[in-house]
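[1] The amino acid sequence is not available; the structure is as follows:
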């Protein structure tokens, strides 16, 4: 999601809540003889608040699974996910008093750190990459359609070369052009190197250059599709880290809460 | 009294008044000719039949009467040279091989050129084409191949007394013309075929509908000629088209055609009766479930207007179909009998079948292709019968099917029967032109018309009207001029009610007047609003987006290509998305494929049952009697209409659906489900004006 001016209220609210949390934490640290700990009342309150926010952030995935349910606009959920998820991190730090004492809590904090960092990384990617994709891939297509489009482009290129039979040039030139296409262009049609066409252009007679231009356009479209695939992967691949670890964090967080309260 | 003369050294005697051409022919001497036919008055325009008859110049034998003592030479060197030069000149202005030469190898000019041993003409060909006329379904006109022999004109005038053909232009620009130089298909030509039979070249040839093969018993031309509809049609023409009309025998219960199927033929019932009905449920796609509970399953079902009344839904009590009758909304079934013709729109404009026709008894029908249908419809006898059938059986239903005319009494409609006219128009014909004096009111019986206003910047399309639609009322109500131009989009038949009859109707039925006036005022207001739209962005306009009333746009700088919008749309519509995340781009916005409620809704053109139309709010609505043929989906230039399958008994029936803007919800599902604030539904004018 692009972080723009429309986020200002969410940002202000998050900062406000964070400052309140800091004030309470500092006040508690100063006036409480045992200092802030997860087991005492305020620490527990920080823990519950932090975990609730984490759960809320985690529910975004469920929200997306049921897109038409009228339980709030998905973008509101996403804003909440971003800002309240971020807020949950200092609250959990306040809950633990910036210390992780057992192996489970250590793992939890590590997971949380990774989830938060991957989330920030993902948000940054989603902020910048859509614009990059829009500018760099004007011929963008639906991601799932890319193999089909590639196949169409291959066929189109083959047909273009076949159509040179109708062009009024020497037969030998046509044969040479076809050989050139088969040996130098077609094998690299999906990964065309830069400057592939400049040297070829001088080697063929003028009537065939229009076909070469068309082939160059096809290669350019292929390049754009490659770029789209790369950017699309970047846009979504971080979720492979963020989502499973978030689930693990929520589950282990629940285990941690149960064990702490039970024992 | 006889005349004595010598032809090529042979003394001959012929009756007084005989032409030299006939005198030679009667004595076994053949003189080549192109413009002369025995059954037509000789005119001597081609000059190929020139002979030497002792005068200073050669003479055309077809018009020169034989005289006593005349010495005629038909093959002297001078004659042969003159003839060769004439043929060579004609060949220089003739596409060789012409259509007739290609079809049957008997172009008279090319045959003559071959006999004269002529090769490539020495004379230059004309640089500009004289053109072709493909407006007739029956006869192809190639002006390029015309040698101006006038045989067609004499055939039309003298033999058939139709007086349609004549000459146009002068000298180098001369040619044949239909009426006042109208395209043949739009002229008063009755397609008798005489001109084509008379033509010595490929200028007028039979136009076959080659792509269709009819299954049935071929009908001999003699049999057809015995029917009064075909009695004036040239036998040669019928012979040439013998595979374009067949006799079909249907057993009781047999399906003759099914709704939604594509076809290219019309049926004329000779014997027996047939039922015409719609098997597709009379209902629309109703998507519901989302508004009542968070976890209720969303689904689409079929609902008739009694169960689910939609805003702007019509109150029509009958469903227009491609037959002489309309079907009642509540029980869409009717009967057709001998003399009824159905499938005209399918045949002439290749629209899908509008209804299913099943033989109610054993039936005999003629199934015909459009060249034959065209001939039949141009036949005065049949046209009179169709008109009469319409006046007797369909006029009342037709008028009353338009809610505004519901108050008309039977007595009044009876009084209209004799005076209304049924008029045919071909594709592109202007029925009435903006600015002309309003002289009639029109009700559409068959086909589609475009209503457009002329503006300095170009044409503004106000509406497409199909069967049951009407136009021309604004000019008459204001007793002024036409406010828009109405043009036939395909083969159109309209019922013309004259100004006097219309005024009589208005005087007798103040209710109708009041309703018409209120509709007219509303239309004028809508048109004014459309005309005043500011169009600031050329690129935007060229993409056709300005046509839209509402757009789904995706801000590509925010969109992460997660396709949640598409999934949401599918979720909201029983798993069938009406949205595809692809489309035109404008700046950083992608105009996604979803219904744009276009100002120029091409989807409405051709609907065989007229079920897709606009609500008053200008949104597109698909009425209950959609037969799921898919033509609207095909016509939509943006691919925004989908067909939703439903199981009805053992069959799967389809209903067309388009984006319904998720009207049950405050916000469309796609926009609601976008987590990145990238999807927006906007009014294009306001949105892009802000951008500009």
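    It's in. Note that the coordinates shown come from a computational prediction; the quantities given were computed from them, not determined experimentally.
[2] Would you mind listing the buried residues in stretch B:234-243?
    Under the neighbour-count criterion of 16 or more other C-beta atoms under 10 Å in any protein chain shown, stretch B:234-243 has B:234, B:237, B:238, B:240, B:241, B:243 buried. Placement of C-beta: from N, CA and C, glycine included.
[3] how far does it stretch from start to finish?
    Stretch B:234-243 has an end-to-end distance of 16 Å (C-alpha to C-alpha, to the nearest Å).
[4] Near chain A, which residues of chain B are found?
    Residues of chain B lying near chain A by C-beta under 8 Å from any C-beta of the partner chain: B:290-291, B:294-295, B:298, B:556-562, B:564, B:567-568, B:571-572, B:580-582, B:585, B:588, B:665, B:667, B:669, B:672-678.
[5] so what's residue A:76 scoring on pLDDT?
    Residue A:76 carries a pLDDT value of 92.
[6] And for residue B:666?
    73.
[7] How many residues are close by it?
    For residue B:666, the neighbour count with other C-beta atoms under 10 Å in any protein chain shown is 9.
[8] Just want the phi and psi numbers for it.
    With angles defined as degrees, to the nearest 10, residue B:666 sits at phi -70, psi -20.
[9] Pretty sure residue B:141 sits against residue B:133.
    Yes - counting by C-beta atoms under 8 Å, residue B:141 touches residue B:133, with 3.8 Å between them.
[10] shared neighbours of the two, which are they?
    residue B:184 (C-beta atoms under 8 Å, 6 or more residues apart in numbering or on different chains).
[11] so what secondary structure elements neighbour the strand or helix carrying residue A:93?
    Taking DSSP states H and E as the definition, one finds residue A:93 inside helix A:74-96. Packing partners of helix A:74-96 (3 or more C-beta pairs under 8 Å, 6 or more residues apart in numbering or on different chains; DSSP states H and E): helix A:8-31, helix A:41-65, helix A:103-136.
[12] Could you give the number of residues near whichever residue of the stretch 151-263 of chain A sits closest to chain B?
    In the stretch 151-263 of chain A, the residue that lies nearest chain B is residue A:235 (5.5 Å; C-beta to the nearest C-beta). By the criterion of other C-beta under 10 Å, residue A:235 has 22 neighbours.
[13] likewise residue A:60?
    19.
[14] so what's the residue lying closest to it once chain neighbours are set aside up against?
    Computed as C-beta to C-beta, 6 or more residues apart in numbering or on different chains, the closest residue to residue A:60 that is not its neighbour in sequence is residue A:81, at 4.3 Å. Going by C-beta under 8 Å, 6+ apart, residue A:81 touches A:56, A:57, A:60.
[15] Make TSV out of these and add pLDDT.
    TSV is the format used below for the contacts of residue A:81 (pLDDT from 0 to 100):
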residue	pLDDT
A:56	92
A:57	92
A:60	89
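[16] and these as TSV, adding distance to residue A:108?
    Shown next, in TSV, are these (distance: C-beta to C-beta, whole Å):
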residue	distance to residue A:108
A:56	18
A:57	15
A:60	20
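[17] just to revisit the earlier point, which residues lie in contact with the residue of the stretch 151-263 of chain A closest to chain B in this structure?
    A:125, A:126, A:129, A:130, A:133, B:560, B:561 are the contacts of residue A:235 under C-beta under 8 Å, 6+ apart.
[18] can you tell me the helix or strand for residue B:443?
    Per DSSP H and E: strand B:440-446 holds residue B:443.
[19] same check, this time on residue A:210
    Per DSSP H and E: helix A:209-237 holds residue A:210.
[20] For that helix, list every residue counted as buried.
    Within helix A:209-237, the residues scored as buried using 16+ other C-beta under 10 Å are A:211-212, A:215-216, A:218-219, A:221-228, A:231-232, A:234-236.
[21] Which ones among the residues of chain B next to chain A map onto helices?
    B:564, B:567, B:568, B:571, B:572, B:669, B:672, B:673 (DSSP state H).
[22] Give me the distance between the two termini of stretch B:100-118.
    19 Å.
[23] still on that earlier bit, more neighbours, residue B:141 and residue B:133?
    Taking neighbours as other C-beta under 10 Å, residue B:141 and residue B:133 compare with residue B:141 leading, 28 against 20.
[24] give the contact list for that one.
    Neighbours of residue B:141 in contact, by C-beta under 8 Å, 6+ apart: B:132, B:133, B:134, B:176, B:184, B:203, B:204.
[25] Tell me which residues touch the third one, please.
    Pointing back at residue B:134 there. B:140, B:141, B:207.
[26] so how many other residues sit close to the first one?
    To tie it back to what came earlier, the one meant is residue B:140. Counted with other C-beta under 10 Å, residue B:140 comes out at 21.
[27] So it lies in a strand, does it not?
    Yes - using DSSP: H, G, I helix; E, B strand; the rest coil, the assignment for residue B:140 is a strand.
[28] so what's it bridging to?
    Beta-bridge partners of residue B:140, counted by DSSP bridges, are residue B:205.
[29] Flag the shaky bits of chain A, pLDDT-wise.
    Along chain A, the parts satisfying pLDDT under 70 run over A:35-36, A:38.
[30] who in it is up against chain B?
    Within chain A, the positions adjacent to chain B are A:1-2, A:6, A:60, A:63-64, A:66-71, A:73-75, A:77-78, A:126, A:129-131, A:133-134, A:138, A:141-143, A:232, A:235-236 by C-beta under 8 Å from any C-beta.
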